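**Q** my questions are about this predicted structure, shown below with the sequence.
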Amino acid sequence: MSNRPSPQEEAPGQGTGDVDVVGMWVTADGHIRQELRADGRYDEARGNRPSAYTGRYTVSGGHLDYVDDTGFTATGDIRDGVLFHEHLVLRKEQAA
């Protein structure tokens, strides 16, 4: 059993020592685009399906816990600027 707080107990966004995750994260082919917002919400588009998945996330260090609006849960980890979200590999888009 993990000692990590549940997503409902943690605050969204960045706390002390948390990685800056806010922004648009995309797969190399651009098919999956995951926007992590500062309010602790996420919106994931897949191909031509905008908002294919939406929900909330929390950050603890470089670890993310996701809870989809349907109740589905997932995790992710940021290592060396890359988001490993379940089977996906996403990189953060740089602002123009």
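**A** Perfect, thanks for sending it.

**Q** where does the residue nearest to residue 18 when sequence neighbours are not counted land in three-state SS?
**A** Nearest non-adjacent residue to residue 18, counting by CB to CB, 6 or more residues apart in numbering: residue 59, 4.5 Å away. C-beta here means a position set from N, CA and C on the backbone, and glycine is covered the same way. The three-state label given to residue 59 by DSSP: H, G, I helix; E, B strand; the rest coil is strand.

**Q** so, low pLDDT: which residues of this structure?
**A** 1-17, 96 (pLDDT under 70).

**Q** where along it do the strands fall?
**A** 23-26, 32-36, 41-46, 49-60, 63-68, 73-79, 82-85, 88-92 (DSSP state E).

**Q** got those as TSV, with mean neighbour count columns?
**A** Below are the strands of the chain laid out as TSV (neighbours: other CB atoms under 10 Å):
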stretch	mean neighbour count
strand 23-26	18
strand 32-36	21
strand 41-46	18
strand 49-60	16
strand 63-68	18
strand 73-79	15
strand 82-85	18
strand 88-92	16
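
**Q** pretty sure the residue nearest to residue 18 sits against residue 19.
**A** Yes - judged on CB atoms under 8 Å, residue 59 makes contact with residue 19 at a distance of 6.8 Å.

**Q** got a list of what residue 44 touches?
**A** Taking CB atoms under 8 Å, 6 or more residues apart in numbering, we find residue 44 in contact with 32, 33, 34, 35, 51, 52, 53, 54.
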